[in-house]
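1. Below: sequence and its predicted model.
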Amino acid sequence: MSFDGVGKPIKFDENGELAAQDIFIYEVQGKAIKLLGNANEAKVS
C-alpha cells in the first residue's frame with residue numbers, strides 16, 4: 001500500500017510496517033515550521 005504524502009510518497013510493506021525509514025519531523029514555532037530531523041533522531045523542544 002502506498003499514497004502521496006505531503007513531501008513524498010509513503011509506502012508500507014506487506015506487514016504494515018513503513019517501507020522507508022527516512023521520515024522527517026517538523027515543529028511549528030510561532031509562524032515558522034522548524035525541521036527537527038529524521039524520526040530516529042528528532043527531539044521535540
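-> Cool, got the structure. Predicted model only: the values in this text are computed from it and were never measured.

2. Residue 27: how many residues sit nearby?
-> Using other C-beta atoms under 10 Å, the number of residues around residue 27 comes to 13. Yep, even glycine has a C-beta here, placed from its N, CA and C like the rest.

3. Only C-alpha atoms, please: export the helix or strand harbouring it in CSV.
-> Secondary structure from DSSP states H and E places residue 27 in strand 24-29. Listed next in CSV are the C-alpha coordinates belonging to strand 24-29 (Å, rounded to 0.1, in the frame of the first residue of the first chain):
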residue,chain,number,x,y,z
PHE,A,24,11.2,13.8,8.9
ILE,A,25,9.6,15.5,12.0
TYR,A,26,8.7,19.2,12.0
GLU,A,27,7.6,21.5,14.8
VAL,A,28,5.5,24.7,14.4
GLN,A,29,7.1,27.5,16.4
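
4. how far out from the middle of the chain is whichever helix or strand comes after that strand?
-> Next in sequence after strand 24-29, counting helices and strands by DSSP H and E, comes strand 32-38. Distance of strand 32-38 from the chain centroid (C-alpha atoms, centre = their mean, to the nearest Å) equals 10 Å.

5. and strand 32-38, which strands flank it?
-> Strand pairing for strand 32-38, using DSSP bridges, gives strand 24-29 (antiparallel).

6. Average pLDDT for the partner strand, rounded please.
-> Throughout strand 24-29, pLDDT has a mean value of 89.

7. dump the residue contacts of residue 22.
-> residue 38 (C-beta atoms under 8 Å, 6 or more residues apart in numbering).

8. How about the secondary structure of it?
-> coil (DSSP: H, G, I helix; E, B strand; the rest coil).

9. before we move on, the earlier item: pull the residues that contact the strand holding residue 27.
-> 7, 33-39, 42, 44-45.

10. Grab the most central residue of the chain for me.
-> With distances taken as C-alpha atoms, centre = their mean, the chain has residue 23 as the residue nearest its mean C-alpha position (3.1 Å).

11. Direction included, what does the helix-or-strand element of the chain with minimal mean pLDDT pair against?
-> Lowest on mean pLDDT, DSSP states H and E among the helices and strands of the chain sits strand 2-4, with a mean of 80. Looking at strand 2-4 with DSSP bridges, its partner strands are strand 9-11 (antiparallel).
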